[in-house]
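Test case, fold it:
(chains A and B)
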Amino acid sequence: MALLMLPLLLYVIFAFGPSVATVFFSFTNATGLPGAEWHFVGFKNYDRLFNSSDQAERFRSIRNSLQFAFLVVLVQNVVGLFMALLVNRKLRADSFIRATYFLPVVLGVTVSGLVWRMMMNPLGGPLTELFKKLHLDTGFLSSYGASFEWVIFVQIWMYMGYSMTIFLAGLQSIPKDLYDAAYIDGTSRWQAFRHVTFPMIAPSTTVNLLLSIIGALQTFDIIYVLTNGGFNTRTLAFDIYRDAIANNTTADYGLASAGAMVLFLFVFAIALVSLVALRRREVDL
Amino acid sequence: MLKKVTGLLMAIVMVVVLAACGGGNDDKASSNSPSASSPASNSAEPSKEAPAEKVTLKIIHWINEPVNKYYEEFNKKFTERYPNITVDYQVVPSDATYDQLQQTRINANDTDLLALKSGFAPIPQEWAAGAQDPLWKQWIDTGLIADLSNEEFVKSYNPVDVQNSTTYNGKVYGINMGKVAFSGLYYNKKIFADNNLKVPTTWDEFKGVVDALKAKDVTPLGFAGKDIWPYNLAVQGLSASVIKDQGEFIKGLWTGSTKFTDANALEVLEKAQYLLQNSIDGVMGIDYASLPSLFASGKVAMIADGTWNAPTLKGLDPTLEFGYFPIPGSNDAAQNGSLAGKYDMSWMVLEKSKNKDAALKWLAMQSEPENYAAFAKASGFLPTQNVQVEDPFINEISPYLANFKLAWDQLFINRQNAGEHVSGSSVHAEFLSPAGPIKTPKELAELSQKEWDAAK
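Numbering: from 1, shown residues only, chains lettered A, B, ... in the order given. A predicted model of the protein is given here:
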């Protein structure tokens, strides 16, 4: 009983409790300042989110969140699967290659972000110089038109190794007999992938897709490091940080909590629909 | 059983979480009163009888290398004088990182002294009904900041500066360390001399300088566009010289007698766009940390920055010859003759600090004329004490300081939830092409006015 209570207590204090408090604060005008008065304001914070003079930016943040999630989930998993297929064979330096692909995950967001900021530095960054030679746009992270796509690119670069690892685990659990039987029946490589590999890694696909959907919708850190939300790169998750902490006039915990609730509803709805669809697909396969 | 225990746990957690995040008014009444534990006479004089108790004085500040170096030396001297006090001096980048640290430390009462990025500005005005109170006012109103009115060391500073920088409701809540100007451009004297150029005093002369530099394949201007605010310093410089009375213009925005689409506001945007059009390639990707080295390398002839960065430029290359002049936004030289800026860093003591006495001793020692003079020299600030600082750079720009005025961001009071084109405290010319997506100043001005009206 005691063994059960300790983790439960920790969970309730550090996860469930603050989550419930967020619901509560989304109906108040709390600022977090010790001694400052706060009151219940009903749905005013939700109204401010979507019905203020900055509503165009709020809606852009939501659109950015959805675009970010869609592109990251799609490209990261396709590339991750492709890489997993490449390294799932006997190669001379297979461990080294796998470790290299996984390295950005180990480096973490801050280091990866700074590496790419240096790569794209307008004053002599290697990528800037290359693009200049190719007569391509070098706006990168300071372009209102393209910086969000570059943030997405860096996010995918960072986590494709993670997806690759999960797919690789799935690929290595497929019995070889299945391939032997398929090839005896005269199947092609594509057909083997389509009818053997892909169905057999369905659980890995489900895990990868769910993790990347939830992770992408909540992404805030890489945006903070690369653009600090400038150049139209704010997302719903970044707005929560901005409202709660990075607003230089005041900390608006009420508004930030309302934003967090909206984000939660998005994540919950999209993750739930995806989970149901993916589970059904697993059963069908 | 499990249900009961879980229910009890939930109740405890909710009480803990809500108590931690919220706050009542119980502390308010008591905390606004001046400190009785640290009379002025005690804090200004070195302690003869050092208390036995060892304390750690926590100070938070932002990164500014010359100033940080000064404080590291000063803190050593301080601990020599007060051996029982250890100073924990923490610095972080001056961007949102510092704002974040400031907020969390105040909320947790986990610092004794903190540096405010400016004096008390903008001052709340009755014509700006519904505007959000600035942070410093919220802190004072909730009793978080110590009243320093009766401290002896306050008298070391010029009364006018104390009044204008850190006085609120007749009480002094901070020590302002000096003024800075930021409405000018640094220029490379060698590049100007090599091209027979003089410091421009009107807009037309300025355009002449830009054209002459371009004709010699010299990039005229550099800005730290990535961080936005450094470019906006230049825009504020234009505003200070084009809009004759910025205070009245801002009041008019609230009362309806002026608009962002007025001819003078539009002129500011047009000239701001000109600056962008004549700046280095990739200007919006350059961060503030890279700006001094960009200028010192001679890749650009002029940069927009505050006078606070002169010590950094000198430190980068002691042989670099540079000067500073107000951006001449107007064609009337008289309107361009003075610099605009702000009261810079102000030290504040937390009312509920556990080491308030030590914090006051630190401020008292900092305020001693020789220590303050050393600070003013290191920081490049224009002194708020009556001390002489021999600094060739300050001497050179002193003619521009005779009619020093407050810049736009020190005067502008914004409406809540204003759209991004009028958000914060700046005019947002960075949205103009070639940096941003808006093609003409007129479009940006109309959009700004629309968002301003919608934020009523």
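
Please count neighbours and contacts with C-alpha atoms only from this point.
Noted.

near chain B, which residues of chain A?
A:9, A:12-13, A:17-18, A:21, A:30, A:32-38, A:52-57, A:121-123, A:138-145, A:227, A:245-246, A:248-250 (Cα under 8 Å from any Cα of the partner chain).

Please repeat the previous calculation with a cut-off of 7 Å.
A:13, A:17-18, A:21, A:30, A:32-37, A:52-54, A:121-122, A:139, A:141-142, A:144, A:245-246, A:248-250 (Cα under 7 Å from any Cα of the partner chain).

Contacts only, for the spatially closest residue to B:K456 that is not a sequence neighbour.
Nearest residue to B:K456, sequence neighbours excluded (Cα to Cα, 6 or more residues apart in numbering or on different chains): B:R415, at 6.9 Å. The contact partners of B:R415, by Cα atoms under 7 Å, 6 or more residues apart in numbering or on different chains, come to B:131, B:455-456.

What's the ChimeraX syntax to select whichever of these are buried?
Typed into ChimeraX, the line below selects the buried ones among those, using 16 or more other Cα atoms under 10 Å in any protein chain shown:
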select /B:131,455
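
Surely B:D147 is in a strand?
No. Going by DSSP: H, G, I helix; E, B strand; the rest coil, the assignment for B:D147 is coil, not a strand.

Now do the strands in chain B.
Assigned by DSSP state E, the strands in chain B fall at B:55-62, B:85-92, B:113-116, B:167-168, B:171-172, B:175-176, B:179-181, B:184-188, B:219-222, B:300-304, B:322-326, B:340-343, B:346-349, B:405-406.

Between the ones you listed, which one is closest to A:G108.
strand B:85-92 (20.4 Å; Cα to Cα).

any idea of the mean pLDDT for that closest one?
Averaged over strand B:85-92, pLDDT sits at 96.

so what strands line up beside that strand?
strand B:55-62 (parallel) (DSSP bridges).

Pull out the buried residues from the partner strand.
Across strand B:55-62, burial judged by 16+ other Cα under 10 Å covers B:56-62.

quick one on the thing from earlier: which ones among the residues of chain A next to chain B map onto helices?
Here DSSP state H is the test, and the residues of chain A next to chain B give A:17-18, A:21 as lying in helices.

Surely B:N336 and B:Y400 touch.
No. Contact status for B:N336 versus B:Y400: not in contact, 9.0 Å apart, counting by Cα atoms under 7 Å.

between the buried residues of strand B:55-62, which is nearest chain A?
Nearest to chain A among those is B:W62, at 15.1 Å by Cα to the nearest Cα.

How confident is the prediction for that closest one, by pLDDT?
So B:W62 comes in at 94 (pLDDT).

Quick check: it touching B:V91?
Yes. Using Cα under 7 Å, B:W62 is in contact with B:V91, at 4.7 Å.

What is the burial count for the closest residue to B:E72 other than its chain neighbours?
Counting by Cα to Cα, 6+ apart, B:E72 lies nearest to B:Y89, which is 7.9 Å off, once chain neighbours are set aside. Neighbour count for B:Y89, taken as other Cα atoms under 10 Å in any protein chain shown: 17.

quick one: the closest residue to B:D409 other than its chain neighbours from B:M348, how far?
Spatial nearest neighbour of B:D409, excluding adjacent residues (Cα to Cα, 6+ apart): B:S425 at 5.0 Å. B:S425 is 23 Å from B:M348, where distance means Cα to Cα, to the nearest Å.

Give me the more crowded residue out of the two.
B:M348 (27 against 18).

give the contact list for that one.
Contacts for B:M348 (Cα under 7 Å, 6+ apart) come out as B:113-115, B:145, B:173-175.

Report the beta-bridge partner residues of it.
B:L114.

interface residues of the stretch 151-300 of chain B facing chain A?
So the stretch 151-300 of chain B meets chain A at B:226, B:282, B:284-286 (Cα under 7 Å from any Cα).

which of these lies closest to A:D185?
B:G285 (58.2 Å).

Go ahead and confirm that closest one touches A:L123.
No. Judged on Cα under 7 Å, B:G285 makes no contact with A:L123 at a distance of 8.5 Å.

So those two - more neighbours on which side?
B:G285 (26 against 18).

on that earlier part again, between the buried residues of strand B:55-62, which is closest to B:P441?
For these, the nearest to B:P441 is B:W62 (34.9 Å; Cα to Cα).

Pull the contacting residues for that closest one.
So B:W62 contacts B:91-94, B:98 (Cα under 7 Å, 6+ apart).

Report the buried members of those residues.
The neighbour-count test (16+ other Cα under 10 Å) applied to the contacts of B:W62 identifies B:Y98 as buried.

Between the contacts of B:W62, which sits nearest B:P311?
Among the contacts of B:W62, and counting by Cα to Cα, the member closest to B:P311 is B:S94, at 16.7 Å.

for the residue nearest to the closest one when sequence neighbours are not counted, which residues make a bridge with it?
Spatial nearest neighbour of B:S94, chain neighbours left out: B:W62 (4.8 Å); criterion: Cα to Cα, 6+ apart. Beta bridges link B:W62 to B:V92 when assigned by DSSP bridges.
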